[in-house]
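Student: pasting the structure only:
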């Protein structure tokens, strides 16, 4: 589903040499696979996500999603790509406080051209699956952090994207809720055959991932590049 | 916390939210500017009259003042000089004139004095050696006057006075450095003898100003009264300022009322500008609390923030207000310039500056308390939680708000019915009612729109309504700015229109009594109060076959107590001696017949009230030759606020002791149009260039223009309020949109493109402004009714109390259009925020 081929990205620095943020990264994530991208701060994880999200273009290499290279999309096409083909679950939930859970969850669907009523109908099973059916009409301020993150997951999956990008999705949650959310991501990934790239610091994430890749100084760590990566068990041993 | 620490905190915070802080600053500055500009305009005229009196008569305490334009014998000054206790006495001639130069004409006051006036210490003749002044046979012109008519030193101007025209050389042009504030007075200054000669008032003066020895003022006044023998007024020199204050009072009261509304609007703009930053301030307070700060240091930080912002914004507002008052809102004496030599100097006193500073700073400080209270009531962590509503304090129930709003309307209604002079309070209550009902109206509209959006296949309303529902305080603050702007301009401009509409029929009735009017030229003679010898004109008119009849009209101003009353003396044969539409008390036909018969007068309400007159009762009129009259009827004041008195032209001749006319009314033969008649009469009067011939229509237009000029400040206030509203709105909308950029980036990351986001921002703006403006319009129309009553009570003018829907609609359209246009720009740029902003902390 997702294929990164020799991605390179530099950041210009005024009066100095450009900083290499992503250095020749190659990886693939198949449908129904959950890959955890592990790495310290400044290792290039977020840059990698931005490249995949077509928020920025790489200096070299390709980002192929569903067989299409998204590195040179126009602004409009990139917007459509993010709307239909990719879902995002981030540390901050990106929800509108004044709207209900179901309104927030179906926001992307409405943007695709469906009416609010149709979107709600489409979202209801997913919200039930996420255990939010009784909270669907509640406004965000009345929901717990874990519930909000589940709303964010519902929103990300609302357009049935083939790829889900999760950036520290458990960063605002306690250990118990983190575990719940990670388990949920794992289950949805399998059920919906969605490719999930999970960028995280959370050691619990390692346990749920099919593969764990480690990014250091913009490069996938030795032995983790290509398509293999570490298994959860090896990483936990490390 | 030390000031140094506070400053350190402040600098760090400002760096982090510079744009929001700047927009709040603009909002406060606009409010302060509005308040400051209105105050300057309001205080300048009265202050300039007081300064003018001081500059003219110096240290003189008393004066003998002629009761009519014919003045009195100048030799009286010698008698006055001999009164024990008189240190100095100086004659002064004051005549309304028209100055004509290559660049145009200008109404002015001829001030003629001799070196004795310089000894009293005034600035008028300051710097002119006594001998030089006496020998001059030329005029001294203030700089603005010479510039206005295009006459330079050494050139001659054409002086139209009392129906004649004379060439007068300009001997000097003076500025503020020479004669102080007198330079701002529309005047022409001459040596006394020369002035008497050119005005045809040989050996006549208008007043004698007197300086007494210390402690002798009362004795001298008594002696002067004996000399005056009941035919000349003996008054303190401050009486001019008092007369002007009385004349300007209704205008000042109405302007003050409108200025109070502007001040309130300005204050609310400033307050709302601060409310827009409520979230940021709440977040700051909560972060401080989470860091372990107690209430005292938090208070210090918040108040320090507010004070710095308030003071800086107020200083910017003072600069902006000063600019506004110079370019848009300059003091204009309007129709009062007909009867008073009023300067147009801008007078800025410390009270005006202090009030504006305090208002801006206190608005900032007061508005800081809202987030402070909210922050202390809520959990500290909530303020840094993005999904929590910006203002999660429990809102008041709609029922409570509507009930409180109704109570405020009831207060306003009671004031309108029982005490319209307390209109400021009524307006405050009305604004309070509006602000109480606004959250309910906004919530209802949002709820309705939210229901409707479910049928729509667009993400635009969902985003817009979601934002509106999550930020109640901010939404209400912006809608309130729109509502206040539309309310203010609708009420003020609507009432102004009603006033104007009430005066228009009066202008028609007063002038439609003859086909043509012949009178001395010049804007200062708009009310036909300047006398002229009409014999020559009457003889020439007798030779024009198309003239069916001519009648002599007389009129002038007469000081009655503290009122400079407009005396109207129509001929017995006038079509109607006074406008029937203006009758307030008495029978029209009886009053008409009595007036024509002689010995009867019609006075305006305020004059009747002040003198305790009732219809049918006798009274003595203190004219140059006192006359006994009876009251035939009571009318409105025909738009002359100090009051009016109508007698017939023959009674006037007896009481003023002069055959002079103020105008000649001409009726044309059948089949001759007014335009044709005017051309023929002008040709016949060609050798008399000091006279002007006007059709009744032209004269009516001129009357209307004069009253419009007098009321122009009200229009300026309404216009300024709209400008201020547009600026405040620009700041508010800009602030609102800017604060939201991060969330917009989040939405873009979700695939919602910038066009949809831009449309969502516009939809939000239209909804907010639409609700605000509609509520403001409705309340504005009610405010207009209250102001109509207040204006009628304050001015005595006839006021047309119709409902100003057109004005309300215009204000609504202007504010919505301007604000939406303004919101489009920041909205456009905010919607184009790079998507990667969503990844930033």
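Tutor: Nice, thanks for sending it over. What you see is a predicted model; the values in this text were computed from it and never measured. Numbering: from 1, shown residues only, chains lettered A, B, ... in the order given.

Student: pretty sure residue B:819 is touching residue B:733, no?
Tutor: Yes - counting by Cβ atoms under 8 Å, residue B:819 touches residue B:733, with 6.3 Å between them. Where C-beta positions appear, they are placed from N, C-alpha and C, glycine not excepted.

Student: now do the shared contacts for those two.
Tutor: By the contact definition Cβ atoms under 8 Å, 6 or more residues apart in numbering or on different chains, residue B:819 and residue B:733 are jointly contacted by residue B:765.

Student: okay, and the most centrally placed residue in chain A sits in which element?
Tutor: By Cα atoms, centre = their mean, the mean C-alpha position of chain A lies nearest to residue A:165, the distance being 1.3 Å. For residue A:165, the enclosing helix or strand under DSSP states H and E is strand A:163-167.

Student: helices or strands up against the helix or strand just after that strand?
Tutor: Using DSSP H and E, the helix or strand that follows strand A:163-167 in sequence is helix A:175-191. The helices and strands touching helix A:175-191, judged by 3 or more Cβ pairs under 8 Å, 6 or more residues apart in numbering or on different chains; DSSP states H and E, are strand A:34-38, helix A:145-157, strand A:163-167, strand A:195-200, helix A:203-208.

Student: let's see 7 Å
Tutor: strand A:34-38, helix A:145-157, strand A:195-200, helix A:203-208 (3 or more Cβ pairs under 7 Å, 6 or more residues apart in numbering or on different chains; DSSP states H and E).

Student: can you flag the weakest of these by average pLDDT?
Tutor: The stretch with the lowest mean pLDDT among the helices and strands packed on helix A:175-191 is helix A:203-208, at a mean of 78.

Student: buried stuff in it?
Tutor: Under the neighbour-count criterion of 16 or more other Cβ atoms under 10 Å in any protein chain shown, helix A:203-208 has A:205-208 buried.

Student: out of the residues you listed, the closest to residue B:79 would be?
Tutor: Distance to residue B:79 across the buried residues of helix A:203-208 (Cβ to Cβ) is lowest for residue A:205, with 111.5 Å.

Student: quick check: the closest one touching residue A:182?
Tutor: Yes - counting by Cβ atoms under 7 Å, residue A:205 touches residue A:182, with 5.7 Å between them.

Student: report the closest residue of chain B relative to chain A.
Tutor: In chain B, no residue comes nearer to chain A than residue B:751, which is 2.5 Å away by Cβ to the nearest Cβ.

Student: on the pLDDT front, check that residue for me.
Tutor: What the model reports as pLDDT for residue B:751 is 86.

Student: cool, and the one 5 residues further on?
Tutor: At residue B:756, the predicted lDDT confidence score is 88.

Student: ok, now residue B:702?
Tutor: 85.

Student: residues of whichever strand or helix holds residue B:307 that come out buried?
Tutor: Using DSSP H and E, residue B:307 sits within helix B:295-327. For helix B:295-327, the neighbour count (16+ other Cβ under 10 Å) marks B:297-310, B:312-318, B:320-322, B:324-325 as buried.

Student: what's the neighbour count on the closest residue to chain B within chain A?
Tutor: Residue nearest to chain B within chain A: residue A:83 (2.5 Å; Cβ to the nearest Cβ). Residues contacting residue A:83 under the criterion other Cβ atoms under 10 Å in any protein chain shown number 22.

Student: what sits against it?
Tutor: Residues counted as contacts of residue A:83 (Cβ atoms under 7 Å, 6 or more residues apart in numbering or on different chains) are A:108, A:111-112, A:159, B:751.

Student: number of nearby residues for the nearest residue to residue B:79 once chain neighbours are set aside?
Tutor: Excluding its sequence neighbours, the residue lying closest to residue B:79 (Cβ to Cβ, 6 or more residues apart in numbering or on different chains) is residue B:227, at 5.7 Å. Neighbour count of residue B:227, defined by other Cβ under 10 Å: 15.

Student: with residue A:155 instead?
Tutor: The number of residues packed near residue A:155 is 26, by other Cβ under 10 Å.

Student: that one and residue A:111 touch, don't they?
Tutor: No - applying Cβ under 7 Å as the test, residue A:155 and residue A:111 come out as separate, 10.8 Å apart.

Student: chain A: helices as residue ranges?
Tutor: Per DSSP state H, chain A carries helices over the ranges A:45-52, A:75-84, A:101-105, A:107-111, A:116-129, A:145-157, A:175-191, A:203-208, A:232-237.

Student: tell me which element residue B:633 falls in.
Tutor: strand B:627-635.

Student: quickly run through the sheet partners of the helix or strand following that strand, with directions.
Tutor: Once strand B:627-635 ends, the next helix or strand along the chain (criterion: DSSP H and E) is strand B:644-646. Looking at strand B:644-646 with DSSP bridges, its partner strands are strand B:563-569 (parallel), strand B:600-604 (antiparallel).

Student: could you export those strands as CSV, including distance to residue B:549, mean pLDDT and mean neighbour count?
Tutor: What follows is the strands paired with strand B:644-646, written out as CSV (distance: least, Cβ to Cβ, whole Å; pLDDT from 0 to 100; neighbours: other Cβ atoms under 10 Å in any protein chain shown):
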stretch, distance to residue B:549, mean pLDDT, mean neighbour count
strand B:563-569, 18, 93, 25
strand B:600-604, 24, 95, 26
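
Student: which one of the ones you listed lies nearest to residue B:495?
Tutor: Here strand B:600-604 is closest among those (Cβ to Cβ), at 20.9 Å.

Student: chain B contacts on chain A?
Tutor: Contact residues, chain A versus chain B (Cβ under 7 Å from any Cβ of the partner chain): A:46, A:50, A:53, A:55-56, A:76, A:79-80, A:82-84, A:88, A:92-99, A:103, A:107-108, A:110-111, A:113-117, A:140-141, A:148.
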